[in-house]
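Enquirer: I'd like to go over a predicted model; first the sequence, then the structure.
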Amino acid sequence: MSDEARIALRDSLVRAGLLIATGVEGVFGRSGLFERIVEGFCDLVDAEAANDGAEVMRFPPVVTRADFERSGYMKSFPQLVGTVHAFNGNERDHATLLRRLEAGEDWTAGQAATGVVFTPAACYPAYPALAARGALSAEGALIDITSWCFRHEPSLDPARMQLFRQKEFVRVGAPDQVIAFRDLWKTRGEAIIAGLRLPLVIEVANDPFFGRAGRMLASSQREQALKFELLVPIASDIAPTACCSFNYHQDHFGHAWDIRRDDGTPAHTACVGFGLEHITLALLRHHGLDVPAWPADIRTALGL
Amino acid sequence: MNEAPTNRIRSLIGESELVSVDVSGLGDTDDLYAAGLTSHATVTLMLALEETFDIEFPDRLLRRRTFESIAAMAAAVEEIRSGQVAA
């Protein structure tokens, strides 16, 4: 995908008033219409999940630093992490900070880490919350979670935002329970996206693990077919964008946070994630920026 | 390096506590993933092998299978060393 194609798509979305540019790559405001598409899609997914009995959890877009450290995220994706820092000095430090600001110098050196880190994926706060309840029942757990997420990857591609929303369902329990959940959502996700008449493929995928060692983690994840992505072309037909992912984490999070099954063994986990901005952008790309002119069935499905 | 690579590799696994079983009981062809080797532990092992044997794993060997057993790692180490000697 060329930079020209990325810029053209981004600029057309901004010109149409759907996205509001901030001057930082990958950080946008959204219009009311953009939000209505997001909400319409969430309702569509919720209707599919209505009888599943998922427990709703909502968190602010941060995880505690202690929980983040336990997650192992730093081992895999140090390049994406956004830590929250704050001023922690005295009056003298404040004066120094203001002097540097005034002079256009770096004023951030004195900022100190706070107790929170930006949420990198919507499901992260759910695991320690579950672990704190003690061992699971035989049925395990099913969580409905949505969050703003941060990943530090500035890009010209409007489909690669630094701040975006993920809508997820998380299944925690025995291996057969969580694999059945992932396979169910692969089928459901495909039906939902195909119902919106978006061209899609589902492929084995890998997470963007860091560095050379990351290449091994990626190939290992692929060989075990732990992650599937549902891809739709947005900025590029050749490199389509992941709109949903269906992930089996084995007992990685069960170990990391000490989530136990009823028999005392570490719980296995799986999640389905919908990239709400990606899906909205895919709809805009394929049905046009003039939303009132979208096909009637699509508008009806999304309540527009 | 006189010691057989398999013994060195077995010691490395034991020293770093990368598996959940006693390494002295591990056969050269035993499945290390079944013995508790995790993906992240595999990365630790890869870096330790590079340092110990002064080698660098090429991309094509950065795969799960390369590290599945002590024998598989020893074969990879030999392959890289012979390639480096020839080059």
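Expert: Structure received. Numbers count the residues shown, from 1 in each chain, chains lettered A, B, ... in the order given.

Enquirer: tell me the spacing between the residue positioned nearest the centre of chain B and chain A.
Expert: The geometric centre of chain B, computed from its C-alpha atoms, lies nearest to B:Met73 (Cα atoms, centre = their mean), at 3.9 Å. Noted for B:Met73: a distance of 13 Å to chain A, by Cβ to the nearest Cβ, to the nearest Å. C-beta coordinates here come from the backbone N, C-alpha and C atoms, glycine included.

Enquirer: wait, that residue sits on B:Phe67?
Expert: Yes - when contacts are counted by Cβ atoms under 8 Å, B:Met73 is listed as touching B:Phe67 (5.8 Å).

Enquirer: A:Val117 in helix, strand or coil?
Expert: Per DSSP: H, G, I helix; E, B strand; the rest coil, the secondary structure class of A:Val117 is strand.

Enquirer: mind listing the helices for chain B?
Expert: B:5-15, B:39-53, B:70-86 (DSSP state H).

Enquirer: output the first one in PDB with nothing but the alpha carbons.
Expert: Output in PDB follows, covering the C-alpha atoms of helix B:5-15 (Å, rounded to 0.1, in the frame of the first residue of the first chain):
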ATOM      1  CA  PRO B   5      26.100 -29.800  22.300                       C
ATOM      2  CA  THR B   6      23.300 -32.000  23.700                       C
ATOM      3  CA  ASN B   7      24.800 -31.900  27.200                       C
ATOM      4  CA  ARG B   8      25.400 -28.200  27.000                       C
ATOM      5  CA  ILE B   9      21.800 -27.600  25.900                       C
ATOM      6  CA  ARG B  10      20.500 -29.900  28.600                       C
ATOM      7  CA  SER B  11      22.500 -27.800  31.200                       C
ATOM      8  CA  LEU B  12      21.200 -24.500  29.700                       C
ATOM      9  CA  ILE B  13      17.600 -25.700  30.100                       C
ATOM     10  CA  GLY B  14      18.200 -26.800  33.600                       C
ATOM     11  CA  GLU B  15      20.100 -23.700  34.700                       C
END
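
Enquirer: who does it touch, helix- and strand-wise?
Expert: Here helix B:5-15 is seen to pack against helix B:39-53, helix B:70-86 when contacts are counted using 3 or more Cβ pairs under 8 Å, 6 or more residues apart in numbering or on different chains; DSSP states H and E.

Enquirer: pLDDT below threshold where in chain A?
Expert: In the predicted model of chain A, residues A:1 satisfy pLDDT under 70.

Enquirer: helix/strand/coil for the residue lying farthest from the centre of it?
Expert: Distance to the chain centre peaks in chain A at A:Arg92, reaching 40.5 Å (criterion: Cα atoms, centre = their mean). Using three-state DSSP, the structure places A:Arg92 in helix.

Enquirer: how far away is it from chain B?
Expert: Per Cβ to the nearest Cβ, A:Arg92 is found 43 Å from chain B.
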